[in-house]
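Asks: mind folding the following:
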Amino acid sequence: MRHINFHYNKETCQYEPAKLSWQDVVGYGFGLAFTASIFLLTLIFLHDRFVESDTEKVLRSENKSISKNKPVLDQELREIEATLISLKEQDNTLHTKFFNTIPAVENNRKPTLLKEQVLLADASGFESMLEVLQSKSLQLARTSTPTKSFSDEVEIAKQYEGLIKSIPSLSPLTEPVTKLISGFGKRVNPFHKGTYHHEGLDFAAPRGTDIFATADGRVILVNKATVEAGYGNRIEIDHGNGFITVYAHLENINVKQGQKISKGYIIGGVGNSGGSIAPHLHYEIVRNGKQVDPAPYLLEGLSTSEHSQLITLSKKQNQSLD
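Replies: Below you'll find the predicted structure:
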């Protein structure tokens with residue numbers, strides 16, 4: 001039964017049904033709306049908490065997969081990044097040593113992923129990260145795995161293996177940067193003080209300091225001279241492919257003419273024989289019958305900065321020692 005409020009009417013001396021005011025209607029409406037809102041929110045919460053749609057099931061499965069595979073992806077990214085950096089450093093080192101120039105800096109920046117990006121990615125961002133990983137994997141594969149074209153070049157390069165071995169790239173003395181006194185080109189003659197063309201490099205060192213063969217080869221000349229002029233005691237080695245090296249003003253000689261020697265073999269010691277004003281090694285490289293500057297060839301055992309320093313020292317215009 002509906003509940004009805006009454007009030008006492010003094011004029012009629014009777015109890016009459018009370019009329020609702022607009023405030024009562026508004027209050028009643030707000031109360032009803034509030035109750036309905038609470039009820040609706042409760043239903044939505046219970047639905048979201050206990051009822052799962054097909055889309056939510058798929059997303060939940062994806063999230064579980066992402067959580068499981070994030071550590072694996074992170075490890076793969078770190079390994080790929082480290083490998084790419086190592087390959088790039090090796091490539092730069094070889095480029096600098098063989099061409100004596102710093103390789104050009106690449107302007108195009110490849111997409112890079114940070115560990116934090118991987119760990120904090122959502123389902124939509126994870127897919128893009130997988131694409132970056134795939135891109136980097138392909139880049140690594142192209143860098144580390146020979147393509148057919150590269151394989152063909154390697155096969156062709158094998159034909160030049162003899163040429164590479166014949167290049168006198170080792171320094172004839174240890175620590176050549178600290179021992180180099182005079183370089184190749186126009187220099188002041190120590191005897192008549194006029195300028196002349198110096199055909200090689202002069203390395204100052206104590207008598208008897210070991211001298212090394214700068215490449216594999218065969219001794220084609222052993223000359224022992226007592227005259228205080230010219231090259232004095234000297235050795236010439238034929239390395240093949242037009243390369244011959246000359247070692248002059250020696251104190252002692254440890255090889256014989258016709259002897260085959262390998263790179264790094266001790267062929268003699270530094271001296272002051274012949275036309276020399278101080279103990280030193282005069283070193284020349286002859287290529288196809290013509291003397292060339294030996295400094296650019298002395299690559300082995302030197303860092304990029306050391307080789308650059310050697311080149312700079314060899315270009316100084318000063319007095320030679322022979």
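Asks: and the closest residue to Ala229 other than its chain neighbours, how many residues sit next to it?
Replies: What sits nearest to Ala229 in space, not counting adjacent residues and going by Cβ to Cβ, 6 or more residues apart in numbering, is Gly275, at 4.6 Å. Quick note: C-beta positions are derived from backbone N, CA and C, even for glycine. Applying other Cβ atoms under 10 Å, we find 20 residues neighbouring Gly275.
Asks: show me what contacts Gly275?
Replies: By Cβ atoms under 8 Å, 6 or more residues apart in numbering, the contact set of Gly275 is Phe191, Glu228, Ala229, Gly230, Tyr231, Gly232, Asp322.
Asks: can you classify the second one as helix, strand or coil?
Replies: Each residue gets one of three states, and Glu228 gets coil by DSSP: H, G, I helix; E, B strand; the rest coil.
Asks: the stretch 1-150 of the chain: helices as residue ranges?
Replies: For the stretch 1-150 of the chain, applying DSSP state H, counting those that start in this stretch gives helices covering 22-50, 54-99, 115-120, 123-144, 148-158.
Asks: mean confidence for the fourth one?
Replies: Think helix 123-144. Helix 123-144 shows a mean pLDDT of 61.
Asks: again, but for the shortest one
Replies: Mean pLDDT, helix 115-120: 49.
Asks: ok so, going back, tell me the SS of the residue nearest to Ala229?
Replies: coil.
Asks: what about the stretch 201-322 of the chain, any weak spots by pLDDT?
Replies: For the stretch 201-322 of the chain, no stretch is flagged by pLDDT under 70.
Asks: before we move on, back to that, who wins on neighbours among the contacts of Gly275?
Replies: Result: Asp322 is most packed of the contacts of Gly275 (other Cβ under 10 Å), 26 neighbours.
Asks: and which of the contacts of Gly275 is nearest Lys179?
Replies: Asp322 (14.8 Å; Cβ to Cβ).
Asks: dump the residue contacts of the closest one.
Replies: Applying Cβ under 8 Å, 6+ apart, the residues near Asp322 are Pro190, Asp202, Tyr231, Ala248, His249, Gly274, Gly275, Ser276, Ile277, His280, His282.
Asks: state the distance from it to His249.
Replies: Separation of Asp322 from His249 (Cβ to Cβ, to the nearest Å) stands at 6 Å.
Asks: what is in contact with these two at once?
Replies: The contact lists of Asp322 and His249 share Tyr231, Gly274, Ser276, His280, His282, where a contact means Cβ under 8 Å, 6+ apart.
Asks: by neighbours, which of those residues wins?
Replies: Top of the shared contacts of Asp322 and His249 by neighbour count (other Cβ under 10 Å): His280, with 27 neighbours.
Asks: was I right to think that residue contacts Ala205?
Replies: Yes - counting by Cβ atoms under 8 Å, His280 sits close enough to Ala205 to count as a contact (6.6 Å).
Asks: mutual contacts of the two, please.
Replies: Val270.
Asks: I'd like the distance between the most centrally placed residue in the chain and Leu299.
Replies: The centre of the chain sits closest to Glu89, judged by Cα atoms, centre = their mean, with a distance of 1.7 Å. In this view, Glu89 and Leu299 are 17 Å apart by Cβ to Cβ.
Asks: thank you, goodbye.
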